[in-house]
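Student: Provide a 3D model corresponding to the input given below.
(one chain, ligands or ions: 2)
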Amino acid sequence: MASFEVIGGKSLKGEIVPQGAKNEALQILCAVLLTDEPVTISNIPDIRDVNKLIELLRDMGVKVGKLANDTYRFQADDVHLDYLDTPEFVAQAGALRGSVMILGPMLARFGKCQLPKPGGDKIGRRPMDTHFLGLEKLGGKLTLEGTDFYRINTEGRLRGAYMLLDEASVTGTANIVMGAVLAEGTTTIYNAACEPYLQQLCKMLVRMGANINGIGSNLLTIEGVERLGGTDHRMLPDMIEIGSFIGLAAMTGSEITIKDCQIPELGLIPDTFRKLGIQLEFRGDDIYVPAQDHYEIATYLDGSILTISDHTWPGLTPDLLSVLLVVATQAKGTVLIHQKMFESRLFFVDKLIDMGAQIILCDPHRATVIGLDKRTRLHGITMTSPDIRAGVALLIAALSAEGRSVIENVEQIDRGYQNIDKRLTALGAQIRRL
Ligand SMILES: CC(=O)N[C@H]1[C@@H](OP(=O)(O)OP(=O)(O)OC[C@H]2O[C@@H](n3ccc(=O)[nH]c3=O)[C@H](O)[C@@H]2O)O[C@H](CO)[C@@H](O)[C@@H]1O
Ligand SMILES: C=C(OP(=O)(O)O)C(=O)O
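Tutor: Ligands and ions are numbered 1, 2, ... in the order given. Presented below is the predicted three-dimensional model:
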């Protein structure tokens, strides 16, 4: 288990370029299984989860060529279906969440797939039901082995169908879309998730020859085609990383410019930081965060306490609530953070309380943060990173705190943030990997 030693209390300065989006990369990489032609993908983040998925694809027989640091060429013209029966496959696929999105493409192109319960963050229940309800509507037959191994197969081609999803699952929608593009006939998906990750996937599939209408909305209509061809695709910058850098700048009183953010794709993220009183300036496609000694949380118009909560897109992504919570600990004012989707994502606040933050964990989904207005600084402690986003939130807390902190289990952070210690050190942070 690796750790970060952080000496906090220093303000940072400079420019930082966000990595390519992790959650987009996981979808896009699985989509290469839909064609036997080459697919070239650029702006791929060099992070643990993405590298593990590339390794899995390679072991499944996909030809993988590295063209540049962030650019790979994939060709799935000789997929080894037998590999899915090996213990190596089960171990690899179970080690990350993104592997779940091989289900749709494999079922559509090869008529079968199997998968252990996927890994990913332990942040509460993460049901797979929507994935299978959708794939079954397309003609897939699911067999369960216990509660944590799934097999799905189809005789002949999948068939288009109407479906109203029970929830707008992000990876579930990606799986169903990737099944439907090669199905016979029309598929209508209502209550589809529509995060930029999915919009990017759909746009890529259209370039490969798919016929998809309604991209960016919760109603997708897909006319199946017999085959898809190759394409080139470039990943968007990671909006969660961009939000994390905004939070980092505010907490540490730093002047930071975040480069090439594709601002129109960020949805509510910039305005949510503004509600915490953080100043941001859009300079072309860069976000400039000035050094701020104080920031004050807004109230509702009637003066009542602000709530920040997650919602499916275009609502606020749940993946930024941990960072927003940490940033609020040093604001002036009070905010209720309501994590609606996941029930175990707020438990990390006990570490912030140990650092001196004023937080009441009301229940597993809600925490009230009473900001300290930077009058009392947090102090460094030793802590463990429980999940990817809590991990980066704790890193931000440690960078703003007085004294030395140690963050253990930083493999969690490495799952989604590329060389974060080196990139922040370049801005003046004092972080050492132990
Ligand atoms: C690899 C990847 O892309 N992971 C992301 C993906 O996970 P993932 O696709 O696994 O998450 P889902 O969208 O399926 O669901 C997330 C959670 O929210 C609940 N839920 C979902 C939709 C809904 O309308 N109501 C509801 O309550 C689900 O039951 C589940 O507990 O989307 C999550 C939600 O944005 C993000 O946190 C993850 O970072
Ligand atoms: C929850 C996340 O990741 P995963 O779905 O891979 O666990 C995340 O990216 O915040």
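Student: in the sheet, who's paired with residue 163?
Tutor: Beta-bridge partners recorded for residue 163 (DSSP bridges): residue 189.
Student: Which residue comes closest to whatever residue of the stretch 251-400 of the chain ends up closest to ligand 1 once chain neighbours are left out?
Tutor: Per C-beta to the nearest ligand atom, the residue of the stretch 251-400 of the chain with the smallest distance to ligand 1 is residue 341, at 3.3 Å. No exception for glycine: its C-beta is placed from N, CA and C like everyone else's. Distance criterion C-beta to C-beta, 6 or more residues apart in numbering; nearest residue to residue 341, sequence neighbours excluded, is residue 318 at 4.7 Å.
Student: how close does that neighbour get to ligand 2?
Tutor: Distance from residue 318 to ligand 2, counting by C-beta to the nearest ligand atom, to the nearest Å: 8 Å.
Student: quick one, phi psi at that residue?
Tutor: Phi and psi for residue 318, reported as degrees, to the nearest 10, are phi -70, psi -20.
Student: wouldn't it be in contact with residue 312 here?
Tutor: No. Residue 318 lies out of contact with residue 312 (C-beta atoms under 8 Å); the separation is 9.1 Å.
Student: got the contact list for the residue in the chain positioned nearest to ligand 2?
Tutor: Closest to ligand 2 within the chain is residue 120: 2.8 Å, counting by C-beta to the nearest ligand atom. By C-beta atoms under 8 Å, 6 or more residues apart in numbering, the contact list for residue 120 reads 96-98, 126.
Student: Format these as JSON lines; extra columns: neighbour count.
Tutor: Formatted as JSON lines, these follow (neighbours: other C-beta atoms under 10 Å):
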{"residue": "96", "neighbour count": "20"}
{"residue": "97", "neighbour count": "18"}
{"residue": "98", "neighbour count": "25"}
{"residue": "126", "neighbour count": "17"}
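Student: any chance of the residues you listed in a markdown table, plus distance to ligand 1 and pLDDT?
Tutor: Listed next are these as a markdown table, based on distance: C-beta to the nearest ligand atom, whole Å; pLDDT from 0 to 100:
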| residue | distance to ligand 1 | pLDDT |
| --- | --- | --- |
| 96 | 8 | 89 |
| 97 | 4 | 90 |
| 98 | 5 | 91 |
| 126 | 5 | 88 |
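Student: These: which ones sit near ligand 2?
Tutor: Among the contacts of residue 120, the ones lying near ligand 2 by C-beta under 6 Å from any ligand atom are residue 97.
Student: tell me which parts of the stretch 101-250 of the chain are close to ligand 1?
Tutor: 124-127, 167-172.
Student: Just the buried residues of those residues.
Tutor: 126, 168-172 (16 or more other C-beta atoms under 10 Å).
Student: Export these to JSON lines and append columns for secondary structure.
Tutor: What follows is these, written out as JSON lines (DSSP: H, G, I helix; E, B strand; the rest coil):
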{"residue": "126", "secondary structure": "coil"}
{"residue": "168", "secondary structure": "coil"}
{"residue": "169", "secondary structure": "coil"}
{"residue": "170", "secondary structure": "helix"}
{"residue": "171", "secondary structure": "helix"}
{"residue": "172", "secondary structure": "helix"}
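Student: per the record, what domains does this structure have?
Tutor: The chain breaks down by automatic domain parsing into domains covering 3-19+237-433, 22-234.
Student: Look at the last one and report the distance between its end residues.
Tutor: Start and end residues of domain 22-234 are separated by 13 Å (C-alpha to C-alpha, to the nearest Å).
Student: Show me how far that domain is from its chain's centre.
Tutor: Distance of domain 22-234 from the chain centroid (C-alpha atoms, centre = their mean, to the nearest Å) equals 16 Å.
Student: Which residues of this protein lie near ligand 2?
Tutor: 22-23, 49, 97, 120-121, 319, 388-389, 416.
Student: and with 5 Å instead?
Tutor: Within the chain, the residues that sit near ligand 2 (C-beta under 5 Å from any ligand atom) are 97, 120-121, 319, 389.
Student: which residue packs closest to residue 288, ignoring adjacent ones?
Tutor: In space, and not counting its chain neighbours, residue 288 is closest to residue 281: 4.4 Å by C-beta to C-beta, 6+ apart.
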